[in-house]
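**Student:** Give me a model of this one.
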Amino acid sequence: MSAEIVLSVNSLVKEFSGLRAVDNLSFEARQGTITALIGPNGSGKTTVIDLINGFLKPNRGRIVLQSMGRTYELAKLPPYKVARLGVARTFQNTRLFWQLTVMENMLLATRYDGKEGFFAALFQLGLIKELEKQNRRKAEKYLELAELTHKKDEIAQNLSHGQRKLLELARALATEAEVFLLDEPTAGIFPELKTKVNELLKSLKKDGKTILLIEHDMGMVTEIADNVVVLNYGRKIAEGTPEQIVKNTEVIAVYSGRGDVTCSR
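**Tutor:** Okay, the predicted model is just below:
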């Protein structure tokens, strides 16, 4: 029996000043799977994530999330409400709190479930302190996975490009979301760290998390993705397993007519 559909994109359209950036796009992402969204630069991949995340509103179409036993129309929700439903994302160009430390960036991603208000805080002081300890331990766990423990007291602005990408990924993981929208999470990081990111994403998949991944490295896509959606000028031109996609004649033609699609750059 196939896994439950967690995220469904149906007949999605987004236009900017008459230019159609996303053209009648439909696809599904199932629980515990990795769906890769690939295509040449400017094909609409990041726009799709922006639409799912609530940063942009579609002209037409539906974006449906199955979460906590309920169905939600994400196209009607702002980003903070989408996040509260268990959807986390990273950005192609990292967005961190630059003047805060690495640890402070991580702690901002962890959840606080206590009640608000002075008296509530007064009576829950012990609980709050314990929660802070748990959140710090959680942050340290993901920093260790990202090999950034030694940078935890460093100001985020002082990190290298690769370290910033890793911090943003670790921060997304610290939310313990159910759905992850990852926009080129390995861009600009060293090959050995790419391997670690691959293993981390495989671990998330094994834990039942659902991942929508934008990635240019077809080697990585082939290794970890279950399903691949190929865009060109906002239109879906192919969908299937990585093995099917690398043999697809239309995909090969889009990628400059080469006999392989090892990298879409």
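
**Student:** mind checking how far Ile233 is from Arg20?
**Tutor:** No, residue 233 isn't Ile; it's Tyr. In this view, Tyr233 and Arg20 are 8 Å apart by CB to CB, to the nearest Å. To be clear about C-beta, it is placed using only N, CA and C from the backbone, and glycine gets the same treatment.

**Student:** so what pLDDT did Ala121 get?
**Tutor:** Ala121 carries a pLDDT value of 51.

**Student:** Kindly indicate whether Glu28 is helix, strand or coil.
**Tutor:** Following DSSP: H, G, I helix; E, B strand; the rest coil, Glu28 is assigned to strand.

**Student:** Let me know whether Pro79 touches Phe55 as I believe.
**Tutor:** Yes: contact criterion CB atoms under 8 Å: Pro79 and Phe55 qualify, at 5.8 Å.

**Student:** which residues in the stretch 1-150 of the chain form strands?
**Tutor:** Per DSSP state E, counting those that start in this stretch, the stretch 1-150 of the chain carries strands over the ranges 5-16, 19-30, 34-38, 60-67, 70-73, 87-89.

**Student:** Walk me through which strands the fifth one pairs with, and which way each runs.
**Tutor:** It stands for strand 70-73. The pairing partners recorded for strand 70-73 under DSSP bridges are strand 60-67 (antiparallel).

**Student:** and the direction of the strand it pairs with versus that of strand 19-30, what angle?
**Tutor:** 30 degrees (axes from the mean of the first three to the mean of the last three CA atoms, to 10 degrees).

**Student:** and strand 60-67, how far from the chain's centre?
**Tutor:** Distance of strand 60-67 from the chain centroid (CA atoms, centre = their mean, to the nearest Å) equals 16 Å.

**Student:** and if you look at stretch 227-241?
**Tutor:** The answer for stretch 227-241 is 18 Å, by CA atoms, centre = their mean.

**Student:** Now do the end-to-end distance for it.
**Tutor:** 5 Å (CA to CA, to the nearest Å).

**Student:** can you check stretch 31-46 too?
**Tutor:** End to end - CA to CA - stretch 31-46 spans 21 Å.

**Student:** What's the mean pLDDT across it?
**Tutor:** On average, stretch 31-46 scores 95.

**Student:** And stretch 81-93, by the same measure?
**Tutor:** Taken as a whole, stretch 81-93 has a mean pLDDT of 93.

**Student:** Now that stretch - C-alpha only, PDB.
**Tutor:** C-alpha atoms of stretch 81-93 as PDB (Å, rounded to 0.1, in the frame of the first residue of the first chain):
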ATOM      1  CA  LYS A  81       0.400  29.800   9.700                       C
ATOM      2  CA  VAL A  82       1.900  27.400   7.100                       C
ATOM      3  CA  ALA A  83       4.900  27.000   9.400                       C
ATOM      4  CA  ARG A  84       2.700  26.300  12.400                       C
ATOM      5  CA  LEU A  85       1.100  23.400  10.400                       C
ATOM      6  CA  GLY A  86       4.500  21.700  10.300                       C
ATOM      7  CA  VAL A  87       6.000  23.000   7.100                       C
ATOM      8  CA  ALA A  88       9.600  24.300   7.300                       C
ATOM      9  CA  ARG A  89      11.800  25.700   4.500                       C
ATOM     10  CA  THR A  90      15.300  26.900   3.600                       C
ATOM     11  CA  PHE A  91      16.100  29.500   1.000                       C
ATOM     12  CA  GLN A  92      18.400  29.600  -2.100                       C
ATOM     13  CA  ASN A  93      19.900  32.800  -0.600                       C
END
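
**Student:** re earlier: can you add mean neighbour count and give the strands of the stretch 1-150 of the chain back as JSON lines?
**Tutor:** Formatted as JSON lines, the strands of the stretch 1-150 of the chain follow (neighbours: other CB atoms under 10 Å):
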{"stretch": "strand 5-16", "mean neighbour count": "18"}
{"stretch": "strand 19-30", "mean neighbour count": "18"}
{"stretch": "strand 34-38", "mean neighbour count": "25"}
{"stretch": "strand 60-67", "mean neighbour count": "18"}
{"stretch": "strand 70-73", "mean neighbour count": "11"}
{"stretch": "strand 87-89", "mean neighbour count": "24"}
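
**Student:** So for Leu131, which of these sits nearest?
**Tutor:** strand 87-89 (19.6 Å; CB to CB).
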